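# Model the following, please.
(chains A, B, C and D)
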2 protein chains.
Amino acid sequence: MARFAGPLFVLTVMLMTNLRAAPKLHDVARAAGVSTATVSRCLNFPDRVSRETRDKVMAAVRTLGYSPNFGARAMAAKRTNTIGAIIPTMENAIFARGLQAFQEELRQSGYTLLVASSSYRLDTEEEQIRSLVARGAEGLLLIGHDRDAAIHHFLQTQGVPAVVAWSHDDGSALPSVGFDNRRSMRALADEVVATGHQRIAVISAATQSNDRARERVAGVRNALDAAGLDAAAMPVVETTYSIDSGARAFEELMTTDPRPTAVICGNDVLAVGAMKRARVMGLDVPGDVSITGFDDIELANVVSPALTTVHVPHRDMGRKAARMLVDMVAGNAAGDRTQLEARLCRRESLAPPAKA
Amino acid sequence: MARFAGPLFVLTVMLMTNLRAAPKLHDVARAAGVSTATVSRCLNFPDRVSRETRDKVMAAVRTLGYSPNFGARAMAAKRTNTIGAIIPTMENAIFARGLQAFQEELRQSGYTLLVASSSYRLDTEEEQIRSLVARGAEGLLLIGHDRDAAIHHFLQTQGVPAVVAWSHDDGSALPSVGFDNRRSMRALADEVVATGHQRIAVISAATQSNDRARERVAGVRNALDAAGLDAAAMPVVETTYSIDSGARAFEELMTTDPRPTAVICGNDVLAVGAMKRARVMGLDVPGDVSITGFDDIELANVVSPALTTVHVPHRDMGRKAARMLVDMVAGNAAGDRTQLEARLCRRESLAPPAKA
DNA sequence: TTGTAAGCGTTATCAA
DNA sequence: TTGATAACGCTTACAA
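All right, here's what the predicted structure looks like:
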């Protein structure tokens, strides 16, 4: 080993030089010839400091490349100005528009948004809730109502208010800004029935721990029941929310006999997958089979034929959720249950079935 | 005022009760009858604590609903296990697949990912870089090379390594995992020319502070030059990356005389917008006009006709970037410049122009 | 307007 | 295996 001593020593010195610690408040204070308190004031309340001092300090901040440590700041100030949001997925645009509006509104109120995703898993969501709270989230946006009751207890003991979006339920444990998934889907399904369809099938996300998916399927069943059709016999394929899954589920449904004449999908992503596969299978939409979606994301209007779907007021929902949450964090409100309308959006992918 | 004294008092007491502070390490220690050091050990190195003690402590943790404070922990441990990523946009899926792979790979190595978006703005990106570093990011993933040199200085003084993705440039200031945007687009444009097109137009993102966009346009120009066509005369519309922008830009291009026979778009989102508008304008694709994209996101294969585009190896890029960054954070590597291949992906939206 | 100094909630070193 | 205790980097009374 002895022969390596020389070179190793050189290397070590270099590393130590590169590892020069980032500048602290203290360094800035020293460079500017003031106290740390003054630097802190300069950064947080510039007008409580003389112009002269401020210039000195700001110059030091710039030349040193100082950046305050969020953790230390949060700890000392007991404030983070941070709100967290946990959405099921970032892989498609389902939540993009709503989250964008949520974020813009938060920004207006001086809050920063931290986003995490749960992959539609309850355990991952719980992990993310803990992580965001630990990181200082003063309030949380969650999607849907399905989750372990222990989480409410946790949020309560942590003093972190939460708002649920994308669902509405008068009896929910948490305040919410959402729409009635069942009623909205029921309206769509009523329209499908009114258009003349009797053999209707559904492609849904897993309903296990997803109240939106569950309610939407229930909405279709309600419509069939009301029309005197056999809701219990209705084929339902549950899968994950992706274009490919939608495609596979569609093929599965269309290889049964008799075939459905209309396939109602739990969201636009599934519906687009279904349309894609229909094309491959040589089936005309809506000539051979009608397909509908839910959400009305941009995708719905890009495919051809354009998708009949349910328009969800994403932006409005995001904005209102942000306002409610900000009020709750400020202690100005307890939060309530706001219901929005998701309205039917009829386009070309729904048409009467071919005469047998 | 006096008559309100009673009720107000009650209200105050209630609020104080609700505002009970979240449990601290100290509270857990007291409840379990041990020191804070032991609780900390229990949480971080369970095996360095006797089974008996551990059970007591964990029970206290659960019943109190304790959750460690990230900021305090980071400060004391000088470690956050957090990596940050700043992508231009979350509004469409351009970065979704790559980021997903990035995150999965990070997770393998025990890191958590924090994501922010810059809206394609250099100043916002800088803000986000500071914010993520302040929040403890030990390494950063950035997109593209265009940014103020001062940022490199900042990252250096903070000791935070960064890796660039989506671009490759041998002379770049930061290590990178990317592909040659110019060469990839050149290959696509060569194909368009070889297919017989002579009147070619481009829809691009703003090239001002986006090296990917700039290089892609340059790639098209190179192809025209090589074919003896007048690259300088080529119509180029710059706009933002959205379906609507693509649609508008397309209409603008198609109302000139003579019309282009092929429209090369800077990415798939723009191309899909163009296709949408073509349909509205009664133009057949590719009969009346060919349209191409870039990225090969799911969208490209969902529209009809399917989009001719350039396939970007998003997942591979994300994974490799993660590995490089983890190595750099650990001090095991300085980071290098890895080049990946983005290959042409020919589908239906490109065909020979109609005979004049 | 500025400075002093006491926390904030953890981890980690050192003894016991 | 456990417990005191000194950091960690910042904000904020309180004093000057």
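# alpha carbons only for contacts and neighbour counts from here, please
Noted.
# what does the stretch 1-150 of chain A put close to DNA strand C?
A:33-38, A:47-50, A:52-54, A:72, A:75-76 (CA under 7 Å from any atom of the strand).
# can you pick the most crowded of those residues?
Within these, neighbour counts (other CA atoms under 10 Å in any protein chain shown) peak at residue A:38, which reaches 22 neighbours.
# Next one: it, what pLDDT does it get?
pLDDT for residue A:38: 97.
# One more: the one 3 residues further on?
According to the predicted model, the pLDDT of residue A:41 comes to 96.
# and the helix or strand harbouring it with DNA strand D, contact?
Per DSSP states H and E: residue A:41 is located in helix A:36-44. Yes - interface with DNA strand D: helix A:36-44 contributes A:36, A:37, A:38, A:39, A:40, A:41, A:43, A:44 (CA under 7 Å from any atom of the strand).
# distance of the second one from residue A:267?
Relative to residue A:267, residue A:37 is positioned 54 Å away (CA to CA, to the nearest Å).
# rewinding a little: of the residues of the stretch 1-150 of chain A next to DNA strand C, closest to residue B:230?
Among these, residue A:54 lies closest to residue B:230 (CA to CA), at 56.3 Å.
# Surely the closest one is in contact with residue A:45?
No - the criterion here is CA atoms under 8 Å, and residue A:54 misses it with residue A:45 at 10.3 Å.
# What segments of chain A are helices?
Per DSSP state H, chain A carries helices over the ranges A:5-18, A:25-32, A:36-44, A:51-64, A:70-77, A:96-108, A:122-134, A:149-158, A:181-194, A:211-226, A:243-254, A:268-280, A:314-329.
# And those: which comes nearest residue B:125?
Shortest distance between residue B:125 and these, using CA to CA, is found for helix A:96-108: 15.8 Å.
# Go through stretch A:281-298 and flag the buried ones.
Neighbour-count burial for stretch A:281-298, counted by 16 or more other CA atoms under 10 Å in any protein chain shown, picks out A:285-286, A:288-298.
# Looking at the residues you listed, spot the one nearest DNA strand D.
For the buried residues of stretch A:281-298, the residue nearest DNA strand D by CA to the nearest atom of the strand is residue A:297; the value is 40.8 Å.
# And that closest one, how far from residue B:239?
Residue A:297 sits 21 Å away from residue B:239, going by CA to CA.
# what's the closest non-adjacent residue to residue A:251?
Distances taken as CA to CA, 6 or more residues apart in numbering or on different chains put residue A:277 closest to residue A:251, at 6.9 Å, once the chain neighbours are dropped.
# Near that neighbour, how many other residues are there?
When neighbours are counted by other CA under 10 Å, residue A:277 registers 21.
# Contacts only, for the residue lying closest to residue A:49 once chain neighbours are set aside.
Excluding its sequence neighbours, the residue lying closest to residue A:49 (CA to CA, 6+ apart) is residue A:42, at 6.3 Å. The contact partners of residue A:42, by CA atoms under 8 Å, 6 or more residues apart in numbering or on different chains, come to A:48, A:49, A:54, A:57, A:58.
# if I look at the nearest residue to the third one once chain neighbours are set aside, how far off is residue A:326?
Right, the one you point to is residue A:54. In space, and not counting its chain neighbours, residue A:54 is closest to residue A:42: 6.0 Å by CA to CA, 6+ apart. According to CA to CA, residue A:42 and residue A:326 sit 27 Å apart.
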